[in-house]
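Turn this into a structure:
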Amino acid sequence: MKLIAGSPGTWSGMALRVSQFVFAAASICAMVTAFGNSNYSAFFYMTFTMMLQLFWSLGLAFVDIFSIRNKKDLHDRATVTLIVLGDWILAVFVFSGVSAAASVMILFAKDMNFCRVYWKLACGQFALSIVLASIVWLLDAASSFSVFWLLVSFY
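Residues are numbered from 1 along each chain as shown. Predicted coordinates:
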């Protein structure tokens, strides 16, 4: 079995998880400071998926830190299968939340011109949160594919 970058129990896997955590926390902070995410269900859904991603990434980062510190091997089928399932399900949720929020943002900014008419609407904060959530999804996709590649190498 090969050592794959981004796999659980490695430094690159821990770096992916920590960066997912940081960008998810930044996305949540940007959305919360906008003071209006609960009025629009797409923004609320994206914030909810970022909270799920935040806890998932934090938990797996702690597992990676524990594994690296104690030199434990996390490359067994049961652990990798659980991580693959969690990553892929969460990646779908995050992608759907980002897509929904981005479509509402396009509606607000381009189609309806709400951002110009209602200047108190925090369109910049919404857009920043969507960009940060998109980065989270890209990092989640990278870790999902690396762990999936590790799972495939078992067979």
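
where does the residue nearest the centre of the chain fall, helix, sheet strand or coil?
With distances taken as C-alpha atoms, centre = their mean, the residue of the chain nearest its centroid is residue 136 (3.8 Å). Following DSSP: H, G, I helix; E, B strand; the rest coil, residue 136 is assigned to helix.

In this structure it contacts residue 27, no?
Yes: Residue 136 is in contact with residue 27 according to C-beta atoms under 8 Å; the separation is 6.3 Å. Any C-beta I mention is one placed from the backbone N, CA and C, and that applies to glycine too.

what residues are shared contacts of these two?
Residues within reach of residue 136 and of residue 27 at once, by C-beta atoms under 8 Å, 6 or more residues apart in numbering, are residue 50.

How about the contacts made by the residue nearest to the centre of the chain?
20, 23, 24, 27, 50, 53, 94.

do residue 86 as well
Per C-beta under 8 Å, 6+ apart, neighbours of residue 86: residue 56.

any idea how far residue 60 is from it?
For residue 86, the distance to residue 60 equals 8 Å [C-beta to C-beta, to the nearest Å].

cool, residue 19 as well?
Taken as C-beta to C-beta, the span from residue 19 to residue 60 is 12 Å.

before we move on, the earlier item: relative to residue 64, which of the contacts of residue 136 is nearest.
Among those, residue 20 lies closest to residue 64 (C-beta to C-beta), at 11.6 Å.

about what we covered before: mind checking how far the residue nearest to the centre of the chain is from residue 50?
Per C-beta to C-beta, residue 136 is found 7 Å from residue 50.

joint contacts of these two?
Contacts common to residue 136 and residue 50, judged by C-beta under 8 Å, 6+ apart, are 24, 27, 94.

Return the subset of those residues lying in helices.
Members of these lying in helices (criterion: DSSP state H): 24, 27, 94.
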